[in-house]
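In: sequence? don't have it. structure:
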């Protein structure tokens, strides 16, 4: 039960954070000119929804991680156990920072949705979502190594996460645009859609190349040699 809950919570959190990153990165490459106001409004709402999902799934991840470390869900209510996890484990310290980041994002995106904020260049959102995404490298397998190997593994894992966020997360706004404009018959709309698809494709080549390269580096650290793919 605890193991299943941990897997589901992690999956939900990774999906939410990947969506956050992909939706925030999308305007960087998708449009030659200013982002259409209707798509901007939709994107702001999606950012808020993904931030809330990230916050809630992050809390669930912490709950099941504590239960997994202690052996029972009942220990989640034990102050001593909570204090130990938060202060004496890398996971606890990174999780605390990410929780604060999630709360900041929910408040910021909520304010923007309510006030209909429409910045030309939203660097704050890019910074927050990028930090949220790459900080996942601080609680994964990249923490096994130490020294220069540990730094290389963390950087590789961060690059892997960024590429996944841009490519997989970018499918969310791309899918929305296809549903919204796929049935339009005007030549101008079709031309604009073609350009968006071409730009997404170009970004996708770079993202997939990064995923493959960083995935091979991560695999080497985790497995060590080809024979261990079949012997462990």
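Out: Sure thing, it's come through. All values reported here derive from a predicted model rather than from experimental measurement. Numbers count the residues shown, from 1 in each chain.

In: going forward, measure contacts between C-alpha atoms and count neighbours the same way
Out: Will do.

In: can you map out the helices along this protein?
Out: 2-30, 37-70, 79-88, 90-115, 123-134, 147-167, 171-181, 187-223, 228-231 (DSSP state H).

In: residue 141 is nearest to which of the ones you listed?
Out: Of all the helices of the chain, the one in closest proximity to residue 141, counting by C-alpha to C-alpha, is helix 187-223 (7.7 Å).

In: packing partners for the closest one?
Out: Secondary structure elements in contact with helix 187-223, counted by 3 or more C-alpha pairs under 8 Å, 6 or more residues apart in numbering; DSSP states H and E, are helix 2-30, helix 147-167, helix 171-181.

In: got CSV for those, with mean pLDDT too?
Out: What follows is the helices and strands packed on helix 187-223, written out as CSV (pLDDT from 0 to 100):
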stretch, mean pLDDT
helix 2-30, 92
helix 147-167, 89
helix 171-181, 89
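
In: picking up where we left off before, export the helices of the chain as TSV, with columns for mean neighbour count and distance to residue 140.
Out: Output for those, formatted as TSV (neighbours: other C-alpha atoms under 10 Å; distance: least, C-alpha to C-alpha, whole Å):
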stretch	mean neighbour count	distance to residue 140
helix 2-30	21	11
helix 37-70	20	13
helix 79-88	14	16
helix 90-115	17	9
helix 123-134	18	11
helix 147-167	21	9
helix 171-181	15	25
helix 187-223	16	11
helix 228-231	8	20
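
In: now distance to residue 141 too, for those helices, in a markdown table please.
Out: Compiled in a markdown table, these are given as follows (distance: least, C-alpha to C-alpha, whole Å):
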| stretch | distance to residue 141 |
| --- | --- |
| helix 2-30 | 14 |
| helix 37-70 | 15 |
| helix 79-88 | 18 |
| helix 90-115 | 11 |
| helix 123-134 | 13 |
| helix 147-167 | 9 |
| helix 171-181 | 26 |
| helix 187-223 | 8 |
| helix 228-231 | 17 |
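
In: on that earlier part again, would you turn the helices and strands packed on helix 187-223 into TSV with distance to residue 83?
Out: Putting the helices and strands packed on helix 187-223 into TSV (distance: least, C-alpha to C-alpha, whole Å) gives the following:
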stretch	distance to residue 83
helix 2-30	20
helix 147-167	26
helix 171-181	38
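
In: could you point out which of those sits nearest residue 196?
Out: When these are ranked by proximity to residue 196 (C-alpha to C-alpha), helix 2-30 comes first, at 5.1 Å.

In: could you give the angle of that closest one to helix 37-70?
Out: 150 degrees (axes from the mean of the first three to the mean of the last three C-alpha atoms, to 10 degrees).

In: show me what helix 2-30 is packed up against.
Out: Contact partners of helix 2-30 among helices and strands, from 3+ C-alpha pairs under 8 Å, 6+ apart: helix 37-70, helix 123-134, helix 147-167, helix 171-181, helix 187-223.

In: the second one vs helix 37-70, what angle?
Out: I take that to be helix 123-134. Using the same axes, to 10 degrees: helix 123-134 against helix 37-70 is 30 degrees.
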